[in-house]
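Q: coordinates for the following, if possible.
(2 chains)
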Amino acid sequence: MKYLNELKKARWLSSFLFLIALFLVTGMVNPDFLTYSNIVTSFNGSVVFTLLAIGIAFVIMTGEIDVSIGAVMGLTATIAGQIAKRNGSILEMLVFAVLIGMLVGAMNGIGVSFFHVPSLIFTLGINGALRGLIYVVSGGKTTENFAGAFTKIGNQVLFAEVTIYLAIIVVIIAVIHLLLTKTKKGKYFIAVGDNPNGATLVGISVMKTKMLAYIICGIFAGVAGVVFASKYGQVNIVAGTGYEMSAIAACVLGGISLSGGLGNILGAAFGAVIMSSVSRMLVFIHLPSNFNNTLTGVMLLIIVVADALVQRHAVESARRKRLLSRTAAFDAKVGGKK
Amino acid sequence: MKSIKGLLKHWEFILLLLFVLEIGIFGVANPAKFFRASSILASVTNYISVCIIALFVTFVMITGGIDIQASALIGLTSICIGVLWSDVGLNIWTAVLLAMLLSTLCGALSGYFIAYCGVQPMVVTLGGSLLYSGLALLISGLSKTPAYQGISGFPAKAANGSFTGFRFLGKGMLFGTIPVPVAIYAVLILLCFVLLHRTKYGRKVFLIGVNPEAAEYSGINSKLIVMSTYILTSIGASIAGVLLTANIDSAKYDLGSTFTLSIITAVVLGGTLSTGGKGSILGTVLASLMICIMRYGLPLCFGIKTQSLDLPIGIMLLIVVIGRELAKNKLILQLFKRRK
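A: Below you'll find the predicted structure:
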């Protein structure tokens, strides 16, 4: 019973149920969809989104936002592509990706938490600068013709059609989820987002926590770039444009509140799977892929509006209950005096 | 001396100084090519969508919101005009009006969710941008012309090369020198300035940004005002869509889809606080023009490739916002005072 109550409170659960419902609806229209390999393929296809969404979830939990992750991803993808062109090792790419991600994340963190620049604006500026940098690094050309086995990693199946990337990500999500919910430091992110002043009063450094969130976000975006390059085999100069918005949408779908302090990593991951599965489902229900954005937009709006209305209802009914109990107590008091 | 100090406290004045400085630098670097009124005006025309939408997003950001769906509405307006005109066979002006109406309705829908359902503006307009760009794509599917090609051949280009009718909006010249879009922009600046700084409506917009609760308690219908700012922005976006379509003679579903970040850059650079309560039309205009001139001057005078222009503009935004935060910082202000 205790677990059941806890489950009821879990916001990721609703996104998980939503994902299952989506799969079931698609399955009802076209039973071919509900095969094991299809579902696993949907998950396999979502790795880039998932990485971005997990990263940005940290930042959103602290109540900030990061719109530079698409550009970080584009930059590391371009660099990874250039390394792949001369048949470099994947380790080299990952080192570059992590370093770039850390550097950008640290810059974002300094700007937002030290200089107190509104996060949207600061990361927007970083986004512009990085986009320019991508042109400089790539020379304005699409990076392609990768040598070696780099592009084949993405297709290598570990077991039962699960690719290496998916397996690694599942492990990462599990570890991060445990860290965030079971350790003291992990709870700092939510605490800072929920009430920065309160967090400061109990001795949590808001600045350090936000800084760390941005660095983690940058690293995930950087690694997502490497995965992107290996999955698609070519990186054009606008790679990653708009991915930041998709990642934010994934987090929102997963029940993470953009005002911070609510939600967890599992939600972000499920949200990312929903985001990337929509186009796949469209194929199975015989709709052209043109409907992709429309459907995602409608879904997002319905979920957030419903969520807002439900929350408002909860707040109002709680207030009414409080008021009623107070008047009841008052009545009893007055009645006693008589 | 005192008056100059007072002026320096105004962000618009600093922007003006930066603007003059920018023109000075470009002018010195390449005076022969830079100082051509026609090319400067043409560069503003190219950037007109961002300039116009930034005007209206200023309203939204002063109330403490944000609008990232406006760029999707450009494409929606554009493709609607194209399909209604070429495939449905409506009169071009009817098509323009219907398209603008649709875009306004879209803005009203998002505004309703934000104001009356209390969802965060960022989330709603994010969903809106997905939804409306998706709608635009679906509408483009109704046309016989393939989506990637874009519908073209709008009326009308006269034999002598002058433009009449619909295309006059995008390509025409007033008095032989001023492009029509720039003239429309000037009128819109005036309208927005009066609306924001000289009317009751404008004061209410500011009050909601400064203190939403006080606004609510003082009897302002703040929900309606918040919703109206999003409607205004969508009207601005539809005007931008019409002008852009008329200018390049092509109706496409993805026109302007990359403008989102430029628009916000222009508004923020113009001194509007993203948390609301502060901002001005003049600042937004100066900032938009500054970015315009930079996009025009950097390739011309310093040979920087057009594609890598995001880099200097991004860096400029960073320097400006950090500088502004530092200037607010009391510690640093004290340091300056001691030195004197």
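
Q: count the neighbours of residue B:325 for me.
A: Close neighbours of residue B:325, defined as other Cβ atoms under 10 Å in any protein chain shown, add up to 17. (C-beta placed from N, C-alpha, C; glycine too.)

Q: in which helix or strand does it reside?
A: helix B:310-328 (DSSP states H and E).

Q: show me the contact partners of that helix.
A: Applying Cβ atoms under 8 Å, 6 or more residues apart in numbering or on different chains, the external contacts of helix B:310-328 come out as A:111, A:115-118, A:121-122, A:124-133, A:135-136, B:11, B:265, B:268-269, B:271, B:291, B:294-295, B:298, B:304, B:332-333.

Q: could you list the low-pLDDT ranges of chain B?
A: B:1-9, B:159, B:329-340 (pLDDT under 70).

Q: buried residues in the helix holding residue B:325?
A: Neighbour counts over helix B:310-328 (16 or more other Cβ atoms under 10 Å in any protein chain shown) mark B:310-314, B:316-318, B:320-322, B:324-325 as buried.

Q: for stretch B:75-91, same thing?
A: Buried, per 16+ other Cβ under 10 Å, within stretch B:75-91: B:75-86, B:90.

Q: for that stretch, how far is the first residue from the last?
A: Stretch B:75-91 has an end-to-end distance of 20 Å (Cα to Cα, to the nearest Å).

Q: residues contacting the nearest residue in space to residue B:216 that is not next to it in sequence?
A: Excluding its sequence neighbours, the residue lying closest to residue B:216 (Cβ to Cβ, 6 or more residues apart in numbering or on different chains) is residue B:222, at 5.2 Å. Neighbouring residues of residue B:222 by Cβ under 8 Å, 6+ apart: B:115, B:204, B:208, B:212, B:215, B:216.

Q: the fourth one and chain A: what is the separation?
A: Residue B:212 sits 14 Å away from chain A when distances are taken as Cβ to the nearest Cβ, to the nearest Å.

Q: quick check on residue B:179: phi, psi?
A: phi -60, psi 140 (degrees, to the nearest 10).

Q: show me the beta-bridge partners of it.
A: Beta bridges link residue B:179 to residue B:173 when assigned by DSSP bridges.

Q: sorry, back to before: Serialize the contacts of residue B:222 to a markdown table and add fields for neighbour count.
A: A markdown table is the format used below for those (neighbours: other Cβ atoms under 10 Å in any protein chain shown):
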| residue | neighbour count |
| --- | --- |
| B:115 | 23 |
| B:204 | 20 |
| B:208 | 25 |
| B:212 | 17 |
| B:215 | 21 |
| B:216 | 14 |
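
Q: show me those residues that map onto strands.
A: Taking DSSP state E, every one of these sits outside strands.

Q: what's the farthest-apart pair in the residues you listed?
A: Of all pairs drawn from the contacts of residue B:222, the greatest distance, 13.2 Å, lies between B:115 and B:204 (Cβ to Cβ).

Q: go through the contacts of helix B:310-328 and flag which are in helices.
A: Residues of these located in helices (DSSP state H): A:121-122, A:124-133, A:135-136, B:11, B:265, B:268-269, B:291, B:294-295, B:298, B:332-333.

Q: of those, buried ones?
A: For the ones in helices among the contacts of helix B:310-328, a burial check counting by 16+ other Cβ under 10 Å picks out A:121-122, A:124-133, A:135, B:11, B:265, B:268-269, B:291, B:294-295, B:298.

Q: pick out the residue of the stretch 151-300 of chain B closest to chain A.
A: Residue of the stretch 151-300 of chain B nearest chain A, by Cβ to the nearest Cβ: residue B:274 (4.4 Å).

Q: that residue touches residue B:61, doesn't it?
A: Yes - with contact defined as Cβ atoms under 8 Å, residue B:274 reaches residue B:61; the gap is 5.9 Å.

Q: which residues do the two both contact?
A: residue B:268.

Q: which one of those two is surrounded by more residues?
A: Taking neighbours as other Cβ under 10 Å, residue B:274 and residue B:61 compare with residue B:61 leading, 29 against 21.

Q: ok, the more buried one - contacts?
A: B:67, B:267, B:268, B:272, B:273, B:274, B:276, B:279.

Q: not counting its neighbours along the chain, what's nearest it?
A: Residue B:61's closest residue in space is residue B:272 (Cβ to Cβ, 6+ apart), at 4.8 Å.

Q: swap in residue A:143?
A: Spatially, and ignoring its direct neighbours in sequence, residue A:143 is nearest to residue A:81 (3.5 Å; Cβ to Cβ, 6+ apart).

Q: ditto for residue B:37
A: Nearest to residue B:37 is residue B:177, by Cβ to Cβ, 6+ apart, at 6.9 Å.

Q: give me the number of residues near that neighbour?
A: Residue B:177 sits with 10 neighbouring residues when counted by other Cβ under 10 Å.

Q: the one 5 residues further on too?
A: Residues lying near residue B:182 (other Cβ under 10 Å) number 19.

Q: element containing it?
A: helix B:180-197.

Q: so what secondary structure elements neighbour that helix?
A: Counting contacts by 3 or more Cβ pairs under 8 Å, 6 or more residues apart in numbering or on different chains; DSSP states H and E, helix B:180-197 packs against helix B:37-46, helix B:48-62, helix B:165-171, strand B:173-174, helix B:200-210, helix B:222-248, helix B:281-302.

Q: export these to JSON lines and tack on distance to residue A:328?
A: Below are these laid out as JSON lines (distance: least, Cβ to Cβ, whole Å):
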{"stretch": "helix B:37-46", "distance to residue A:328": "68"}
{"stretch": "helix B:48-62", "distance to residue A:328": "45"}
{"stretch": "helix B:165-171", "distance to residue A:328": "67"}
{"stretch": "strand B:173-174", "distance to residue A:328": "73"}
{"stretch": "helix B:200-210", "distance to residue A:328": "37"}
{"stretch": "helix B:222-248", "distance to residue A:328": "33"}
{"stretch": "helix B:281-302", "distance to residue A:328": "54"}
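
Q: comparing the ones you listed, which comes out most buried?
A: Across the helices and strands packed on helix B:180-197, the average number of neighbours (mean count of other Cβ atoms under 10 Å in any protein chain shown) peaks for helix B:48-62, which reaches a mean of 29.
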